[in-house]
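Participant: sequence plus the predicted model coming up.
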Amino acid sequence: MPHTITVPPEKAMLERDTRHSMRKKILKLVVYIFLTAYSIVNLFPILWMFMNSFKSDDAFSQSVLAWPKQWLFANYAEAWRVAKLGLYFSNSMIIGVLAVLFTVLLGAFASYFLARFRFKHQTKIYNYFVFGMLIPIHATLVPLFILENKLHMQNSYLSLIVPYIAFGLPITIFILVSFMKSFSKDIEESAIMDGCGPLRIFWSIILPMSMPSIATVVIINFINNWNEFSFALVLVSNPDLKTVPLGLSNFVGQYTTSYTTQMAGLTMALIPVIIVFLCLESYLVKGMTAGAVKG
Amino acid sequence: MHLLNRNKWLIWLGISPSLIVYTLFCMIPIGISFYYSFQNWDGFSDPSFIGLDNFAALMKDQVFWSSLKNNMFVLLASVLGQIPIALLFALLLNSKLRGAKFFRTVGFLPVAISTVIISLTWNMIYNTQYGLINTLLKAVGLDHLAHNWLGDPKWAMLAVCLTIIWQYVGLYLVIFLAALQNVPAETLEAAEIDGATGFVKTVKIIIPMIWGTILVSVILCISGSLKTFDLIYVMTNGGPAHTTDVMAIYMFNKTFSSFQYGYGSAISVAIFVVSLLLISVASRLLKAKED
């Protein structure tokens, strides 16, 4: 009897195991199918545009799905020239870099005092800054336009740089303060013993230690400024000061006849963002998800 | 610390540059908005005080109400579209899969792309003659379903919302993935062992554990959809026949196309009030759920 009892359960277990692993494999396949479908939906619009940007207008109108028979770069030269992409790229670069530089410098300095010191109204000031993340920027478009008119800031890069700094500060301070607060208090104490002043402590201890979060705020601010459209639309009237998003939107309005040239222009505007994205994705993720996940 | 805290002037010196720039270009504009909302002003001649007339007119303005309604539609489409899709893919991606990093990167990519580029690309996808969607429909013999997606009042709003959902699913995907990483591994493994039927269990065990993050995402989603402007401005500019007008678009057109600066400021104030109202309601709900 014991003999007959011990064998079947083993067999049954084996059977159940194979059935179980079969089911697991099928499940895994279904998961992969779902994820692949999601990736195709995400990538296809971009790849479709990329592919068609190399076609002639004739080839495009014959079939928008066929692989290009000839890879033409003429569209790129044409888009670069007509859309004045060179000018817009350098404008976006100057505005983006200067705005990020000042946002992070001012923000890091303020965050240092907000995170490492005790003083009156400290929490109130911190909340006042962070409240800025909730302000709908479109409610400020008209007044900013009026304000900049009165301050004679239009017709200079400052017309975008200064608002970008102002609207970049809340998220910058939010991320940096929470990071700087995590350091132990012993750091300053031993530094004071060594005779360091507060500025020295900021510059040679706190700032270097904050580098991971500094990287995050640099990336998030740069991507935000690089892609920003509403302020650029309202605050920039001089065509020589336009940024890439604004330039692209105008270019398409004026030259809708050639879809392939449009696609070449869009692809060129997309490439720098994709490169930055692929190199620094993890920092960008941290910046964009800041505040949503505890811990 | 005590030694450092004595440098009061230094503390204020450190904070004031940020405080001044932020106050002047972020907070004061809101105040200016309130001021001009009580004026009748075309942007050129002298403004004149008209009390609450702008707001009275706003209450009777059909187009404003329809833009508010459209805004709510975008909000609902975003919350009901982005959050569930992102959650589904985050749960799928969270099991230890080969290539998970690739899928995450591809999922997050649209979030980093300029809205203008996305809008122009999708305009071509929706194009009547050469668009991707109509071409695909014709290829499978469904010619009668081909539409002028952005030109048809019946379809324009849906088409715009689809693009908005496409753009932002990735943001909530990475948020949920980060939250799932804080769920203890044993909990996940225990749920995983049960296989297919375990999916329900997974949902029952894991969803409650990241409920806080889901609610924060809903708030982000609400404030994000109230900020919708760039995408609609480039894709349809509120048309056809105001069917895709949202508050920010209407404000922009009233101010800069019709030169009604006072009235435009009143719409700005309305956007501000509606945003804060919805966000505070949502965060109340969030706190109530947490207790």
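Facilitator: Received the coordinates, thanks. Numbering: from 1, shown residues only, chains lettered A, B, ... in the order given.

Participant: all contacts plus neighbour counts: C-alpha atoms, from now on.
Facilitator: OK.

Participant: any chance you could read off phi and psi for B:Asn40?
Facilitator: phi -100, psi 110 (degrees, to the nearest 10).

Participant: ok, it touching B:Pro47?
Facilitator: Yes. Contact between B:Asn40 and B:Pro47 holds when scored by Cα atoms under 8 Å: they sit 5.5 Å apart.

Participant: higher neighbour count, those two?
Facilitator: The neighbour comparison of B:Asn40 against B:Pro47 (other Cα atoms under 10 Å in any protein chain shown) goes to B:Asn40, with 20 against 15.

Participant: who's that one bridged to?
Facilitator: B:Asn40 has these beta-bridge partners by DSSP bridges: B:Ser48.

Participant: residues touching it, list them.
Facilitator: With contacts defined as Cα atoms under 8 Å, 6 or more residues apart in numbering or on different chains, the neighbours of B:Asn40 are B:47-50, B:54, B:260-263.

Participant: closest to chain A out of these?
Facilitator: Nearest to chain A among those, counting by Cα to the nearest Cα, is B:Tyr261 at 7.5 Å.

Participant: what subset of the contacts of B:Asn40 is buried?
Facilitator: Among the contacts of B:Asn40, those classed as buried by neighbour count (16 or more other Cα atoms under 10 Å in any protein chain shown) are B:54, B:260-263.

Participant: just give me the neighbour total for residue 200.
Facilitator: Going with chain A. 14.

Participant: correction: the question concerned chain B.
Facilitator: B:Val200, neighbours per other Cα under 10 Å, totals 13.

Participant: do the one 3 residues further on as well
Facilitator: If you count neighbours by other Cα under 10 Å, B:Val203 ends up with 14.

Participant: check contacts around it.
Facilitator: Going by Cα under 8 Å, 6+ apart, the list of residues near B:Val203 is empty.

Participant: what's the pLDDT at A:Ala215?
Facilitator: Listed pLDDT for A:Ala215 reads 91.

Participant: who's in contact with it?
Facilitator: If you count contacts by Cα under 8 Å, 6+ apart, A:Ala215 has them with A:Tyr283.

Participant: could you verify that B:Asn148 is part of a helix?
Facilitator: No. Remark: B:Asn148 does not belong to a helix; assigned using DSSP: H, G, I helix; E, B strand; the rest coil, it is coil.

Participant: pretty sure it contacts B:Thr128?
Facilitator: Yes. Shown here, B:Asn148 and B:Thr128 form a contact pair, counting by Cα under 8 Å, at 4.8 Å.

Participant: which of these two has more residues huddled nearby?
Facilitator: More crowded of B:Asn148 and B:Thr128, by other Cα under 10 Å: B:Thr128, with 18 against 15.

Participant: mind checking how far that one is from chain A?
Facilitator: 12 Å (Cα to the nearest Cα, to the nearest Å).

Participant: would it be right to say that that residue lies in a helix?
Facilitator: No. Using three-state DSSP, the secondary structure at B:Thr128 is coil, not a helix.

Participant: what average pLDDT does the helix or strand where A:Lys24 lies get?
Facilitator: Here A:Lys24, judged by DSSP states H and E, is contained in helix A:2-52. What helix A:2-52 shows for mean pLDDT is 78.

Participant: and the following helix or strand past that helix, what's buried?
Facilitator: Once helix A:2-52 ends, the next helix or strand along the chain (criterion: DSSP H and E) is helix A:57-62. Judged by neighbour count using 16+ other Cα under 10 Å, the buried positions of helix A:57-62 are A:57, A:59-60.

Participant: and for stretch B:268-277?
Facilitator: Those would be B:268-272, B:275-276, for stretch B:268-277 by 16+ other Cα under 10 Å.

Participant: how about the contacts made by the residue positioned nearest the centre of chain A?
Facilitator: Most central in chain A under Cα atoms, centre = their mean is A:Ile223, positioned 4.0 Å from the mean C-alpha point. Contact analysis of A:Ile223 by Cα under 8 Å, 6+ apart lists A:273, B:112.

Participant: pLDDT at it, what is it?
Facilitator: At A:Ile223, pLDDT is 89.

Participant: where does it sit, in terms of helix or strand?
Facilitator: helix A:211-227.

Participant: what about stretch A:129-140, how long is it end to end?
Facilitator: For stretch A:129-140, the first-to-last residue distance is 16 Å (Cα to Cα, to the nearest Å).

Participant: centre of the chain to that stretch, how far?
Facilitator: 18 Å (Cα atoms, centre = their mean, to the nearest Å).

Participant: list the buried residues of it.
Facilitator: In stretch A:129-140, counting by 16+ other Cα under 10 Å, buried: A:129-130, A:132-133, A:135-140.

Participant: what about it and chain B, any contact?
Facilitator: Yes. Stretch A:129-140 lies within reach of chain B by Cα under 8 Å from any Cα of the partner chain, at A:129, A:132, A:134-140.

Participant: ok, then the element right after the helix or strand encompassing A:Ser159?
Facilitator: Using DSSP H and E, A:Ser159 maps to helix A:158-180. Remark: after helix A:158-180, the chain's next helix or strand is helix A:186-193, criterion DSSP H and E.

Participant: just for chain B, where's the confidence low?
Facilitator: Scanning chain B for pLDDT under 70 picks out B:1-6, B:188-199, B:201, B:288-291.

Participant: distance of B:Met247 from chain A?
Facilitator: Look at B:Met247 and chain A: by Cα to the nearest Cα, they are 9 Å apart.

Participant: number of residues surrounding that residue?
Facilitator: Residues lying near B:Met247 (other Cα under 10 Å) number 29.

Participant: A:Trp203 now?
Facilitator: Neighbours of A:Trp203 under the rule other Cα under 10 Å: 12.

Participant: B:Ile232 versus that one, what's the distance?
Facilitator: 44 Å.

Participant: any idea how far stretch B:115-134 is from the chain center?
Facilitator: Remark: stretch B:115-134 is offset 20 Å from the chain centroid, using Cα atoms, centre = their mean.

Participant: can I get it in CSV, CA atoms only?
Facilitator: The C-alpha trace of stretch B:115-134 is given here as CSV (Å, rounded to 0.1, in the frame of the first residue of the first chain):
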residue,chain,number,x,y,z
THR,B,115,4.4,69.1,-27.7
VAL,B,116,4.7,71.1,-30.9
ILE,B,117,6.6,68.2,-32.6
ILE,B,118,4.0,65.7,-31.3
SER,B,119,1.1,67.9,-32.5
LEU,B,120,2.6,68.4,-36.0
THR,B,121,3.4,64.7,-36.3
TRP,B,122,-0.2,63.7,-35.3
ASN,B,123,-1.6,66.3,-37.6
MET,B,124,0.0,64.3,-40.4
ILE,B,125,-1.2,61.0,-39.0
TYR,B,126,-4.8,62.4,-39.0
ASN,B,127,-4.4,64.0,-42.4
THR,B,128,-7.4,63.2,-44.7
GLN,B,129,-5.4,62.5,-47.9
TYR,B,130,-2.0,61.2,-46.8
GLY,B,131,-2.6,60.4,-43.2
LEU,B,132,-1.5,57.2,-41.6
ILE,B,133,-4.9,56.3,-40.1
ASN,B,134,-6.9,56.8,-43.3
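
Participant: filter the buried ones among the contacts of B:Asn40 by proximity to chain A?
Facilitator: Residues of those in contact with chain A (Cα under 8 Å from any Cα): B:Tyr261.
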